[in-house]
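> What follows is a predicted structure for the sequence shown.
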There are 2 protein chains.
Amino acid sequence: MFVPDIREKLRGSGYTLTSQRRAVLEALLRAKGHPSAEDVYLIVKRENPRVALGTVYQALSVLEEVGVIGSKHWAESPTRYDLNVEPHLDIRCIRCGEVSEVPGVALGAVEEQIRDNTPYRVTHSAMVVEGLCPACLDGE
Amino acid sequence: MFVPDIREKLRGSGYTLTSQRRAVLEALLRAKGHPSAEDVYLIVKRENPRVALGTVYQALSVLEEVGVIGSKHWAESPTRYDLNVEPHLDIRCIRCGEVSEVPGVALGAVEEQIRDNTPYRVTHSAMVVEGLCPACLDGE
DNA sequence: TCTAAAAACAGGAATGGTTACTGATCACCA
DNA sequence: TGGTGATCAGTAACCATTCCTGTTTTTAGA
């Protein structure tokens, strides 16, 4: 995703691409994994010590709203953010907190079953998966 | 589930069935839906005004540990507790917070796919579903 | 280019769900 | 009955996140 695309998406919802929002995106790119808001904040702060944590939260929320980034939430753990906005499945290690992707799992059929079996209008569904990562399994 | 069974399950993990834990179970039974810890606390307090919220949290955690109750967590919302410990799917209304069950959805195949596609040892997986309940849809 | 209005920001206080701590109370077994 | 550990009430602390206020930056119009 190029900067002009992102600026365009923000414009579309009445937002601007500020240096802080760009810094948050760059931090997300640099982190490469699934950083929390605090992780992003620490990276951004290295180059721009004056940014506030609240600004990072607000930037993440705006960027998610316009569809440039995605977020995932596990219980007892801060929300993780991700440049990958395609539907995909992530697993989180209950010991070290590392998050990684689980490829090759199709949720389409399940989502259809859900829609067919509830009178609710479904707005969001996601699979939350936890386990022990290979590194933590070694230490067992 | 009868009281002797519950006492036995608690015993098995070195716990006792205290009056507070019993009151929490009764509140859960009376609430009938998917109450939060605070909901349970308010119900328990009606008959036993001296119980502390912390006690309710601790009782819920013990009861969950021994497998007598289950819990579900949605982002931006307190954890909900449930006497139904069988795997099942719940949907939460993003407007009023009401939680209800979605019957007839099978996650077994998906869980198998997950296990086959990750090097993690999966310890827990659940589907988190949100939407608008029929009552809130009416008010749209 | 200048200026007023709107948006975004920094810094810090506040919030809400949950856990941790402390001294008092209770349950069980010898 | 007394001792030992579990449990409890009450309260303080915690942590992720949001909210608030005054200031800075950006934008749009003249």
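Structure's in. What do you need?

> Enumerate every residue touching residue A:58.
By C-beta atoms under 8 Å, 6 or more residues apart in numbering or on different chains, the contact set of residue A:58 is empty. In short, each C-beta sits where N, CA and C put it, glycine included.

> Show me what counts as buried in the host helix or strand of it.
Here residue A:58 sits within helix A:53-65, counting by DSSP states H and E. Of all the residues in helix A:53-65, those buried under the rule 16 or more other C-beta atoms under 10 Å in any protein chain shown are A:55, A:56, A:57, A:59, A:60, A:62, A:63, A:64.

> residues from chain A in reach of DNA strand D?
A:16, A:18-19, A:36-38, A:53-54, A:57, A:61, A:73, A:78-79 (C-beta under 7 Å from any atom of the strand).

> again, only using 6 Å
A:16, A:18, A:19, A:36, A:37, A:53, A:54, A:57, A:61, A:78, A:79 (C-beta under 6 Å from any atom of the strand).

> Quick one: residues contacting the first one.
Contacts were defined as C-beta under 8 Å, 6+ apart; by that measure residue A:16 touches A:7, A:10.

> Roughly how far does it sit from residue A:27?
19 Å (C-beta to C-beta, to the nearest Å).

> all strands of chain A, in order?
Ranges of strands in chain A, per DSSP state E, are A:70-72, A:80-82, A:89-93, A:99-102, A:121-132.

> for the second one, the distance to its chain's centre please.
The offset between the C-alpha centroid of strand A:80-82 and the centroid of the whole chain comes to 2 Å, using C-alpha atoms, centre = their mean, to the nearest Å.

> re the thing from before, can you tell me if the helix holding residue A:58 touches DNA strand C.
Yes - for helix A:53-65, a contact with DNA strand C is found by C-beta under 6 Å from any atom of the strand, at A:54, A:55, A:58, A:59.

> Next, name the residue at the spatial heart of chain A.
residue A:81 (2.2 Å; C-alpha atoms, centre = their mean).

> Quick check: beta-bridge partners of that one?
Counting by DSSP bridges, residue A:81 forms beta bridges with residue A:71.

> So, low pLDDT: which residues of chain A?
A:1 (pLDDT under 70).

> Would you map out the domains in chain A?
Following automatic domain parsing, one finds the domains of chain A at A:3-82, A:89-138.

> Let me have the strands of chain A in CSV, extended by distance to residue B:8.
Shown next, in CSV, are the strands of chain A (distance: least, C-beta to C-beta, whole Å):
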stretch, distance to residue B:8
strand A:70-72, 38
strand A:80-82, 40
strand A:89-93, 34
strand A:99-102, 38
strand A:121-132, 29
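
> so which of those comes closest to residue B:42?
strand A:121-132 (27.8 Å; C-beta to C-beta).

> Now do that closest one: distance to the chain's middle.
Centre-to-centre, strand A:121-132 and its host chain are 13 Å apart (C-alpha atoms, centre = their mean).

> which other residues reach it?
A:72-75, A:89-95, A:102, A:105, A:107, A:111, A:114-115, A:140, B:91, B:94, B:110, B:114, B:118, B:120-132, B:137.

> Run the angle between it and strand B:121-132 for me.
170 degrees (axes from the mean of the first three to the mean of the last three C-alpha atoms, to 10 degrees).

> Next, the buried residues of strand A:121-132.
Those would be A:125, A:126, A:127, A:128, A:129, A:130, A:131, A:132, for strand A:121-132 by 16+ other C-beta under 10 Å.

> of all the strands of chain A, which lies closest to DNA strand C?
Taking C-beta to the nearest atom of the strand, strand A:121-132 is the member of those nearest to DNA strand C, at 14.6 Å.

> what pairs with that closest one, and is each one parallel or antiparallel?
Here, using DSSP bridges, strand A:121-132 pairs with strand A:89-93 (parallel), strand B:121-132 (antiparallel).
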